[in-house]
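Undergrad: Provided below are the primary sequence and the corresponding predicted coordinates.
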Amino acid sequence: MCQRFVVVRIAHQLMNAPRASAQGALSPLDVEAVRRDFPALHQQVNDRPLVYLDSGASSQKPEQVIEALNNYERHDHSNVHRGVHTLSQRATEAYEASRTKVQQFINAGSVKEVVFTRGTTEAINLVAQSYGRANLRSDDEVLITEMEHHANIVPWQLLCEQTGAKLKVVPFDDTGVLEMSRLKDQLTEKTRIVAVTHVSNALGTVNPVGQIIQLAHDAGAVVLVDGAQAIPHGPVDVTALECDFYTFSGHKVYGPTGIGVLYGREFLLEAMPPWQGGGDMIKTVSFDETTYNDLPYKFEAGTPHIAGAIGLGAAVDYVAALGPDRIAVHEHQLINYATERANAEKDMQIFGQAPDKAGILSFVLDGIHPHDIGTILDHEGVAIRTGHHCAMPVMTHYGVSATARASFGPYNTIDEIDVLFRAMEKVREMFRQ
Ligand code: PMP
């Protein structure tokens with residue numbers, strides 16, 4: 001099987017989205033042009049050209065996003081949905097236009113299904129506290145996986161404490177692949193919610209969320225997909241997936257921090273009680289009775305992060321113009337190359353060797369603490385992440401306290417991976433003298 005075919009096949013599997021067969025049909029990403037769009041990449045760090053391999057934690061922003069933020073702050077800033085004056089109308093139009101952009105980007109059925117939140121974390125908490133509190137009883141179960149980010153663990157633990165429901169956990173095997181047979185066993189008529197990450201931030205594993213959604217629906221459960229690490233790496237079509245809830249953060253998809261999205265199926269959101277109370281989420285307020293606003297405003301209490309939403313709109317426009325399919329193919333070339341190089345290093349252990357992976361290489365070097373790796377790499381201008389990546393159960397699975405993690409975006413190159421591996425030689429020199 002030729003390399004190119006493998007890459008394209010993986011890219012299609014990645015997001016389970018229906019695509020035309022594209023063997024060889026995708027023109028490659030013009031990475032140099034992409035790089036020119038990102039001003040932060042063009043700087044020296046510790047007298048070396050920056051090699052930014054931490055997009056999994058937070059990606060950089062293209063000029064198009066910075067310009068949208070700048071334009072809004074300089075000319076259009078005002079509060080939304082409230083004023084009759086021109087600036088307020090401009091701000092409202094731009095804010096709502098971003099919602100439409102997001103709706104189209106993820107192929108949601110309606111703008112009513114796109115709720116702006118502070119990020120993935122807030123979106124998951126919203127579902128746990130609104131849907132979960134309204135629908136779970138003490139005999140019910142919530143099913144998550146062993147590879148979840150803390151943001152997709154702790155809200156469910158809180159919900160279980162509040163309702164008496166039980167939290168069950170599907171394990172993954174040592175290669176980082178979710179054990180689907182265990183998932184099938186643990187999915188019962190008591191399961192009310194299945195919450196699963198689309199792509200693991202600590203392992204890079206792409207989970208078969210389409211299959212999980214079908215199984216969960218057959219068992220009568222609703223499914224929340226944590227898409228924080230999936231949205232930046234390839235196409236996501238929430239309608240094709242048939243998921244009930246999908247969550248992601250702006251700052252991992254080349255947009256601002258403090259903004260994210262909860263996608264929810266309209267009939268579910270409609271039936272859910274509000275989560276937070278305040279301005280904008282109401283129709284009428286009196287001391288006797290308060291009536292709530294229509295979707296999606298029922299879930300957007302208070303003044304939102306207007307600039308953030310506008311920046312996110314520009315970010316999804318940017319990604320859509322690059323082409324999520326092409327991003328996926330490019331990033332698979334990077335991860336394949338990085339994995340090949342890592343496999344050739346005798347003292348390097350990779351965490352997460354699933355056949356379907358996206359954009360993340362998690363590893364340790366024998367006898368050297370990941371924080372030391374991160375510090376020396378920074379001296380060489382290479383930015384990676386070290387620590388537990390807010391996925392402590394994944395660390396526990398492998399009996400380590402931390403890993404080093406390089407994560408890739410459309411602006412990364414094969415040359416940068418070579419710089420990473422050269423810099424790792426320096427780490428060895430320093431710590432193995
Ligand atoms: N889920 C996953 C898989 C993540 O990688 C992250 C961020 N590292 C989150 C949830 C939480 O995202 P945020 O902090 O933007 O809310």
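TA: Received the coordinates, thanks. Residues are numbered from 1 along each chain as shown.
Undergrad: Now do the SS call for the closest residue to Gln129 other than its chain neighbours.
TA: Spatially, and ignoring its direct neighbours in sequence, Gln129 is nearest to Trp275 (5.5 Å; C-beta to C-beta, 6 or more residues apart in numbering). Placement of C-beta: from N, CA and C, glycine included. Assigned state for Trp275: coil (three-state reduction, DSSP: H, G, I helix; E, B strand; the rest coil).
Undergrad: which parts of this protein sit against the ligand?
TA: For the chain, the residues in contact with the ligand (C-beta under 6 Å from any ligand atom) are 119-121, 149, 151-152, 197, 201, 226, 228-229, 249, 390.
Undergrad: so the residue lying farthest from the centre of the chain is in which element?
TA: The outermost residue of the chain relative to its centre, with distances by C-alpha atoms, centre = their mean, is Asp288 at 41.5 Å. Of the helices and strands defined by DSSP states H and E, none includes Asp288.
Undergrad: ok, now how distant is it from Gln276?
TA: From Asp288 across to Gln276, the span is 21 Å (C-beta to C-beta, to the nearest Å).
Undergrad: do the same with Leu295
TA: For Leu295, the distance to Gln276 - C-beta to C-beta - is 15 Å.
Undergrad: again with Arg74
TA: For Arg74, the distance to Gln276 equals 30 Å [C-beta to C-beta].
Undergrad: pretty sure Gly109 is in contact with Phe267, am I right?
TA: No - the pair Gly109 / Phe267 is not scored as a contact, 10.4 Å apart, by C-beta atoms under 8 Å.
Undergrad: which of these two has more neighbours?
TA: Neighbour count, other C-beta atoms under 10 Å: between Gly109 and Phe267, Gly109 has more, with 13 against 10.
Undergrad: How about the backbone phi and psi for the more buried one?
TA: Main-chain dihedrals, Gly109, degrees, to the nearest 10: phi -70, psi -30.
Undergrad: In terms of helices and strands, where is the closest residue to it other than its chain neighbours?
TA: The shortest distance from Gly109 to any non-neighbouring residue, by C-beta to C-beta, 6+ apart, is to Thr239 (6.1 Å). Using DSSP H and E, Thr239 falls within helix 238-241.
Undergrad: helices or strands next to that helix in the packing?
TA: Secondary-structure packing of helix 238-241 (3 or more C-beta pairs under 8 Å, 6 or more residues apart in numbering; DSSP states H and E): helix 209-218.
Undergrad: tell me what the helix or strand just after the helix it packs on is packed against?
TA: Later in the chain than helix 209-218, the nearest helix or strand by DSSP H and E is strand 222-226. Judged by 3+ C-beta pairs under 8 Å, 6+ apart, the packing partners of strand 222-226 are helix 120-127, strand 191-197, helix 209-218, strand 245-249.
Undergrad: What average pLDDT does stretch 333-353 get?
TA: For stretch 333-353, mean pLDDT rounds to 97.
Undergrad: How about residues contacting it?
TA: 3, 6-7, 175-176, 200, 202-205, 357-367, 394, 398, 400, 403, 406, 408, 412-414, 417, 420-421, 424, 428 (C-beta atoms under 8 Å, 6 or more residues apart in numbering).
Undergrad: now do stretch 226-236
TA: Contacts for stretch 226-236 (C-beta under 8 Å, 6+ apart): 11, 14-15, 17, 19, 55-56, 59, 106, 120, 124, 148-149, 151-152, 195-201, 206, 246-249, 252-254, 319, 324-325, 327-328, 331, 358-360, 409.
Undergrad: If we use 7 Å, what do you get?
TA: Identification of contacts with stretch 226-236 by C-beta atoms under 7 Å, 6 or more residues apart in numbering yields 11, 14-15, 17, 55-56, 59, 106, 120, 124, 149, 152, 195, 197-201, 246-249, 252-253, 324-325, 327-328, 331, 358-359, 409.
Undergrad: Report the buried residues of that stretch.
TA: Residues 226-236 are the ones in stretch 226-236 that count as buried (16 or more other C-beta atoms under 10 Å).
Undergrad: Equivalent analysis for stretch 287-294, please.
TA: Buried positions in stretch 287-294, judged by neighbour count with 16+ other C-beta under 10 Å: Asn293.
Undergrad: and that stretch, how far from the chain's centre?
TA: 34 Å (C-alpha atoms, centre = their mean, to the nearest Å).
Undergrad: first to last residue in that stretch, what's the distance?
TA: End-to-end span of stretch 287-294 (C-alpha to C-alpha, to the nearest Å): 20 Å.
Undergrad: List of residues touching that stretch?
TA: Outside stretch 287-294, the residues that touch it by C-beta under 7 Å, 6+ apart are 274, 280-284, 298.
Undergrad: Restricted to strands, list those.
TA: Members of the contacts of stretch 287-294 lying in strands (criterion: DSSP state E): 282-284.
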